[in-house]
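Novice: Sequence plus predicted model, see below.
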Amino acid sequence: MNPNFLKHILKCLFQKMTNPEYSILLPTYNERENLPIMVYLLEKYLKDISYEIIVIDDGSPDGTQDVCKKLQKAYGEDKVVLRPRPSKLGLGTAYIHGLKFAKGKFIIIMDADLSHHPKYIPEMIELRKRKNLDIVIGTRYSQGGGVSGWNLKRKVLSKRGNICSSLVLDFRVSDSTGSFRVYRKDVFKDLVSKCISKGYVFQMEIMFRAQRDGLKIGEVPIAFVDRFYGSSKYGVNEFYDWAKNLWKLFSTVE
Ligand SMILES: Nc1nc2c(ncn2[C@@H]2O[C@H](COP(=O)(O)OP(=O)(O)O[C@H]3O[C@H](CO)[C@@H](O)[C@H](O)[C@@H]3O)[C@@H](O)[C@H]2O)c(=O)[nH]1
Ligand SMILES: [Mg+2]
């Protein structure tokens, strides 16, 4: 028998018997085209990493869950775990829901629409280990990072949003609103339990609390590429929600 094949079988058996080290939380709403490519890329770039993917789908009308069930057949139900909710309940609470089922010691959060490329994950993991960090964020706004494909309005909103929240909440990280992060699970659980935000502003509140708690945070520059399939769920309402919550955080958190 080919020794590499034997090694692969033994690795699969070992992973089946033990808990994965990393739980990747993938919130989805109408991502039927993106999800299969995402899972394929994760498998490709995380070959030597023990992980599970938890898909939190909010009753997507486009059939994302059917696609996810096919992926479970292809990759195994312990590799692709489907934990749906009945309706669109917001990005922040999707992570909280997924966390309840996570078996890994570490949590990775990322978008399912390929804007966050899995190729950055090994570097994020390596940095966390090397510096013994609590959180590693994928940043668009430090040297080496960037955004591609957004129109000028969205670019300005995001960049100004980051500058504005840094001024109001005194952020020392360069990207407080992005959603590509690696957390120690206990740290994530604790932060989530204190969070009041439900939508997109969740990331900012978590980062604010993490910084206030004196957690060790590192950054890896990433190129954020706008989605090719489907459309963003970020609209005017999400922006108002973000601005309202920024103010709420500033005025209520002691
Ligand atoms: N389950 C669930 N998933 C959701 C919901 N809203 C959005 N998602 C999923 O969350 C991910 C990000 O949503 P997008 O709609 O693609 O966000 P974006 O416009 O690309 O915004 C990006 O930039 C923001 C600001 O920097 C980030 O806060 C955001 O997470 C994302 O990275 C996608 O996988 C999408 O399917 C929801 O209510 N429920
Ligand atoms: Mg997106």
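Specialist: Nice, I can see it. Ligands and ions are numbered 1, 2, ... in the order given.

Novice: looking at this, residue 231 is in a strand?
Specialist: No - counting by DSSP: H, G, I helix; E, B strand; the rest coil, residue 231 is not part of a strand but coil.

Novice: how about stretch 167-175: buried residues?
Specialist: Buried residues in stretch 167-175, counted by 16 or more other CB atoms under 10 Å: 169, 171, 173-175. C-beta: built from backbone N, CA, C; applies to glycine.

Novice: swap in stretch 208-220?
Specialist: Within stretch 208-220, the residues scored as buried using 16+ other CB under 10 Å are 208-211, 215, 217-220.

Novice: cool, stretch 222-240 as well?
Specialist: So for stretch 222-240, counting by 16+ other CB under 10 Å, buried means 222-225, 227, 230, 233, 238.

Novice: Which members of those are positioned in helices?
Specialist: With helices defined by DSSP state H, the entries of the buried residues of stretch 222-240 inside them are residue 238.

Novice: Go through the buried residues of stretch 222-240 and name the one with the lowest pLDDT.
Specialist: Here the lowest pLDDT out of the buried residues of stretch 222-240 sits on residue 233, with 68.

Novice: where's residue 6 relative to residue 241, distance?
Specialist: Relative to residue 241, residue 6 is positioned 53 Å away (CB to CB, to the nearest Å).

Novice: Spell out, range by range, the strands that occur in this protein.
Specialist: With strands called from DSSP state E, the chain shows them at 22-28, 51-57, 80-82, 106-109, 135-139, 146-148, 181-184, 217-221, 223-225.

Novice: Alongside ligand 1, which residues does the stretch 151-254 of the chain contribute?
Specialist: Proximity of the stretch 151-254 of the chain to ligand 1 (CB under 6 Å from any ligand atom) is limited to residues 158, 177-179, 200, 203, 227, 232-234.

Novice: Let me have the residues you listed in CSV, extended by distance to residue 164.
Specialist: Shown next, in CSV, are those (distance: CB to CB, whole Å):
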residue, distance to residue 164
158, 11
177, 10
178, 15
179, 18
200, 14
203, 14
227, 25
232, 20
233, 22
234, 16
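
Novice: out of the residues you listed, which touch ligand 2?
Specialist: Residues of these in contact with ligand 2 (CB under 5 Å from the ion): residue 227.

Novice: I'm done for today, thanks for sticking with me.
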